[in-house]
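S.K.: predicted model, plus sequence, below.
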Amino acid sequence: MTTALSPWNSRPDVRQAVTSRDVFLCDCTLREGEQSAGAAFAIEKKLELAHVLDDVGIKQIQIGYPGVSQEDFDIVKLFVEDGFTADLESISMIHVPNWRHHVEAGLESGVDIVSMQFGVSDIRLEKVLGMSRAEVLDTIAQAVAYAKDQGAFVSFSPTDATRADPDFLIEVVQTLAASGADRIRVTDSMGACGPTGFRAMVKTVTEAVDVPVGVHVHNDFGLGMANVCAALEGGAHWVDCVVNGLGERAGNVSLDEVAMTLELIYEYSTGIDLARLTELARVVEDMSNLRLPSSKPIVGSSAFAHQLDNHIRGVLQDPAAYEPFSPDLVGNQRKFPLGRLSGKYAVSMKLREFGVAEDTIDVEELVGWTRTQAARQGGQLSDEHFRQRVEQMQTPKSS
């Protein structure tokens, strides 16, 4: 694995912040990703994506709400019958009067994990649900016990957990553990918590219950990835993620960024085939019709693009001079686009790429032309435009 990372990551005092344990990823693209504004996934595309996720090594795939409608139940059932190595997870809503129906739909669908959700912040309870804290504790205890009595593997998500009263949140998770929940997923549903606070919350929860704890975070402040790191340092056992960072509002943490950070920075083995991360991103980009920014870390088309002449010189001597890891590691490609800041190294390299000998052209003149044209065209010059100019300038080698 070709990497060139900071030695600070490996300092003993830094490593002590991360406990040794198994950590896995749960992909929520089929559920949370489809809730992105403008996204709509055809069922055949969802199945295709699920199999790619399975092949890539995702351990758990969240696939939807079987209790919402017959159509949703049939879709979840279709996934179960299609056969996957990854565990399939459905969601049952427990805040509704007919919560038993939602639990039963999850059970009847045949999924591996029946996940339950209930908002626990006071603003949710007062403004949306009209329920007291006592009613919440009673309902979630009943729901978990009801599912466990029928043999379900139960994961429970107290949603909007970061905005809940901290003491009440501990009551909630302890009630869940006492009722038999197999896993607990705490959420920053509104992306409203900073990393230091999130680390403290996850650590408090993991110390309060003897149940594996996972996290689901949103990116409203752009702190999603920072909160994932904080959660790992707080003792989290798994992380929800979404391909390309899709999701409601500002989205969720991006699967590729989580996988690479866990593997390279925290040195966890996730089981993910990192070399297929770019392929996976392109699959979701196509099926969602939501284009990735070119500068998207890891899988963006410009994630390994170098334009400054000094950087190009360094990369040509040793890529580690200006890259923390090789693009091959994630199935991406290194690029050297021509632009307003391109110099002799960039132009000479592009000439070699096209098989043009430097002594057949005035390189200095071409550098000046490249910079001028790139500035006129918004900062970047296409290879085709460059090639045309080279053909115009090229002269036979003098005898």
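M.R.: That came in fine, so what should we check first?

S.K.: remind me, longest helix of the chain?
M.R.: Secondary structure of the chain per DSSP state H: the longest helix is helix 133-149.

S.K.: tell me the first helix or strand C-terminal of it.
M.R.: Following helix 133-149 in sequence order, the next helix or strand is strand 154-159 (DSSP states H and E).

S.K.: chain center to that following strand: distance?
M.R.: 20 Å (CA atoms, centre = their mean, to the nearest Å).

S.K.: just checking, what packs against it?
M.R.: strand 113-119, helix 133-149, helix 166-179, strand 183-188 (3 or more CB pairs under 8 Å, 6 or more residues apart in numbering; DSSP states H and E). Using the backbone N, CA and C atoms, a C-beta is placed for each residue, glycine as well.

S.K.: export the ones you listed to JSON lines and tack on distance to residue 337 and mean pLDDT?
M.R.: JSON lines is the format used below for the helices and strands packed on strand 154-159 (distance: least, CB to CB, whole Å; pLDDT from 0 to 100):
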{"stretch": "strand 113-119", "distance to residue 337": "44", "mean pLDDT": "97"}
{"stretch": "helix 133-149", "distance to residue 337": "54", "mean pLDDT": "97"}
{"stretch": "helix 166-179", "distance to residue 337": "49", "mean pLDDT": "98"}
{"stretch": "strand 183-188", "distance to residue 337": "37", "mean pLDDT": "98"}
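
S.K.: got these as a markdown table, with mean neighbour count and distance to residue 300 columns?
M.R.: Putting the helices and strands packed on strand 154-159 into a markdown table (neighbours: other CB atoms under 10 Å; distance: least, CB to CB, whole Å) gives the following:
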| stretch | mean neighbour count | distance to residue 300 |
| --- | --- | --- |
| strand 113-119 | 24 | 31 |
| helix 133-149 | 17 | 41 |
| helix 166-179 | 18 | 37 |
| strand 183-188 | 26 | 25 |
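
S.K.: residue 202: which of the ones you listed is closest?
M.R.: Closest approach to residue 202 among the helices and strands packed on strand 154-159 is made by strand 183-188 (6.5 Å; CB to CB).

S.K.: what packs against that closest one?
M.R.: Using 3+ CB pairs under 8 Å, 6+ apart: strand 183-188 touches strand 154-159, helix 166-179, helix 195-208, strand 213-217.

S.K.: which other residues reach stretch 157-170?
M.R.: 115-124, 133, 140, 172-173, 176, 184-190, 192-193, 197-198, 201, 204-205, 208, 216 (CB atoms under 8 Å, 6 or more residues apart in numbering).

S.K.: quick one: end-to-end distance for that stretch.
M.R.: Using CA to CA, to the nearest Å, the end-to-end distance of stretch 157-170 comes to 13 Å.

S.K.: having no further points to raise, I will conclude here.
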